[in-house]
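>>> build me a model from this:
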Amino acid sequence: MARIKIAIAGVGNCASSLIQGIEYYKSLGKDAEKVALGLMHFDLGGYRPGDIEVVAAFDIDLRKVNKPLKEALFAKPNCTRVFFPQLPDFPVKVSMGEIHDGISPHMADYPDDRRFIASDAKACDVAKVLADSGAEILVNYLPVGSEKAVRYYAEECLKAGVSFVNCIPVFIASDEAWIKRFEEKGIPIIGDDVKSQIGATIIHRMLTKLFMDRGIKMDHTYQLNVGGNTDFLNMLNYSRLKSKKISKTAAVTSQISHDVADEDVHIGPSDFVPWLNDNKVCFIRMEGHGFGNIPMNLELRLSVEDSPNSGGVVIDAIRCCKIARDRGIGGLLISPSSYFMKHPFRQFPDEEARVMVEEFIAAKREK
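The predicted structure follows:
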């Protein structure tokens, strides 16, 4: 199969985990399929994780811009677990992107090893870098709340004919106007806001669906998340949380089949705990009434390494985007978006979305 050439916007923890994972699965060699754990699909439409090649990267941090990609992936403020340090010397240097709203002002109040430090380098022409590198897909890992910056990169993808996999909660692939523009250009797009492999959102959704299927009326629920990576630090600025809370809340409430008041559902990031680093701890509580109107409640605590937890999902999203390009399919990819993302254009139950994705991969479903 051909290589899948990708660019990455935001060389943070998620990018580090994704690229470490690509190289890890590639290193397993010809017997990889027999021993490869941790993926929903080892082979997806004929493409394996090792077929993904990073050809361009963009960031705005002084410690990453104009640095070799390998060096930038492990530079501060990245703090994710290094599970495959034997990365090759990629022939890619990190280009300076436009800052726009990519840095929250409150970041200046924290030590250098925790926050972004803006480079004074001149911003590159992103569309030109994408075109010159041969990138087919841009994976967006910008910080939560980067509304203007994400729209800028989406525009640059439209100029360059590059697909957009939007992993953060800025609504591009769930916005009709943006969908129409990618459709008109014949460019596949997947988004918005990636679900983790086994994360707070997918578990909360599945438990909510279980409550509904088993006849439990949901009265109240919360999901509280704490972590120590830069994403949680960034989200201490609550003005940047609006889209994130909408995305996470809609992912869960879309599974509730009866009316529930807004004040009875609280879902979102809660605090920054520095020593947790890239570990994320989630607390879920669900209260309801069952047979005979008898009350019940459920509490769950989940602890995961945050950035690797989404890597396998993004690898699948990239490969779905590539097979759409191979087939000449443009616009919103409904099935992959619904299964891989928290805030797709249309929500489906996860088991239904999974079947849709398998049909898409097998070319039994166009999108």
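>>> give the buried residues for the biggest helix by length in the chain.
If you go by DSSP state H, the chain has its longest helix at helix 308-326. The neighbour-count check on helix 308-326 (16 or more other Cβ atoms under 10 Å) flags 308-325 as buried. All C-beta spots, glycine's among them, are computed from the backbone N, C-alpha and C.
>>> just checking, next helix/strand downstream of it?
strand 331-332 (DSSP states H and E).
>>> ok, residues contacting stretch 196-204?
38, 40, 195, 221, 223, 225, 248, 251-252, 267, 280, 282, 284, 300, 302, 304, 306, 309-313, 342, 350 (Cβ atoms under 8 Å, 6 or more residues apart in numbering).
>>> switch to 7 Å and redo it
By Cβ atoms under 7 Å, 6 or more residues apart in numbering, the surrounding residues in contact with stretch 196-204 are 195, 223, 225, 248, 251-252, 282, 284, 302, 304, 309-310, 312-313, 342, 350.
>>> quick one: contacts of stretch 354-367?
If you take Cβ under 7 Å, 6+ apart as the criterion, stretch 354-367 is touched by 44, 45, 320, 329, 332, 333, 334, 335, 336, 338, 339, 348.
>>> quick one: the helices in this protein?
13-27, 32-35, 69-73, 126-133, 147-160, 176-185, 200-213, 230-234, 242-253, 308-326, 334-340, 350-361.
>>> go ahead and confirm residue 54 touches residue 93.
No. The pair residue 54 / residue 93 is not scored as a contact, 11.5 Å apart, by Cβ atoms under 7 Å.
>>> neighbour-wise, which of those two wins?
Between residue 54 and residue 93, counted using other Cβ atoms under 10 Å, the more crowded position is residue 54 (23 against 15).
>>> show me the contacts for residue 92.
Neighbouring residues of residue 92 by Cβ under 7 Å, 6+ apart: 54, 55, 56, 57, 69.
>>> ok, and the closest non-adjacent residue to it?
For residue 92, ignoring the flanking residues on the chain, the nearest one in space by Cβ to Cβ, 6 or more residues apart in numbering is residue 69 at 4.3 Å.
>>> how many other residues sit next to that neighbour?
Using other Cβ under 10 Å, the number of residues around residue 69 comes to 24.
>>> do the same with the one 4 residues further on
Other residues near residue 73 number 28, with proximity taken as other Cβ under 10 Å.
>>> contacting residues for the closest residue to it other than its chain neighbours?
Among residues not flanking residue 73 along the chain, residue 16 sits closest, at 4.4 Å (Cβ to Cβ, 6+ apart). With contact set as Cβ under 7 Å, 6+ apart, residue 16 has these partners: 73, 74, 78, 80, 307.
>>> sorry, back to before: correct me if wrong: the residue nearest to residue 92 contacts residue 58.
No. Counting by Cβ under 7 Å, residue 69 does not reach residue 58; the two are 10.9 Å apart.
>>> quick one: common contacting residues for these two?
residue 94.
>>> spell out which residues are contacts of both of residue 54 and residue 93.
Common neighbours of residue 54 and residue 93 (Cβ under 7 Å, 6+ apart) are residue 69.
>>> so which of the contacts of residue 16 comes closest to residue 114?
residue 78 (10.9 Å; Cβ to Cβ).
>>> state the pLDDT value of the closest one.
If you check residue 78, the pLDDT there is 97.
>>> can you get me a residue count around it?
The burial count for residue 78: 25, using other Cβ under 10 Å.
>>> contacts only, for it.
Counting by Cβ under 7 Å, 6+ apart, residue 78 touches 12, 13, 16.
>>> for residue 184, give its distance to residue 138.
Remark: distance between residue 184 and residue 138 (Cβ to Cβ, to the nearest Å) = 18 Å.
>>> what of residue 130?
Distance from residue 130 to residue 138, by Cβ to Cβ: 7 Å.
>>> overlap in contacts, those two.
Common contact partners of residue 130 and residue 138 (Cβ under 7 Å, 6+ apart): 7, 162.
>>> just checking, what packs against the longest helix of the chain?
strand 4-9, helix 13-27, strand 137-140, strand 163-166, strand 188-190, helix 334-340 (3 or more Cβ pairs under 7 Å, 6 or more residues apart in numbering; DSSP states H and E).
>>> again, only using 6 Å
Secondary-structure packing of helix 308-326 (3 or more Cβ pairs under 6 Å, 6 or more residues apart in numbering; DSSP states H and E): helix 13-27, strand 163-166, strand 188-190, helix 334-340.
>>> how about residue 215: what's its closest non-neighbour residue?
Counting by Cβ to Cβ, 6+ apart, the residue nearest residue 215 is residue 290, at 6.7 Å.
>>> hmm, the one you found is touching residue 216, no?
Yes. Between residue 290 and residue 216 there is a contact under Cβ atoms under 6 Å: 5.1 Å.
>>> quick revisit: measure the residue nearest to residue 73 to residue 75 for me?
9 Å.
>>> let me see the residues that make contact with stretch 152-170.
9, 98, 100, 126-127, 130-131, 135, 137-142, 144, 147, 150, 172-173, 185, 187-194, 243-244, 247, 317, 321 (Cβ atoms under 6 Å, 6 or more residues apart in numbering).
>>> buried stuff in that stretch?
152-154, 156-158, 160-170.
>>> what about that stretch, start to end distance?
Across stretch 152-170, the terminal residues are separated by 12 Å (Cα to Cα, to the nearest Å).
>>> distance of the residue nearest to residue 60 when sequence neighbours are not counted relative to residue 149?
In space, and not counting its chain neighbours, residue 60 is closest to residue 99: 5.0 Å by Cβ to Cβ, 6+ apart. Distance of residue 99 to residue 149, computed by Cβ to Cβ: 7 Å.
>>> the more surrounded of those two?
residue 149 (25 against 16).
>>> nothing else from me, thank you.
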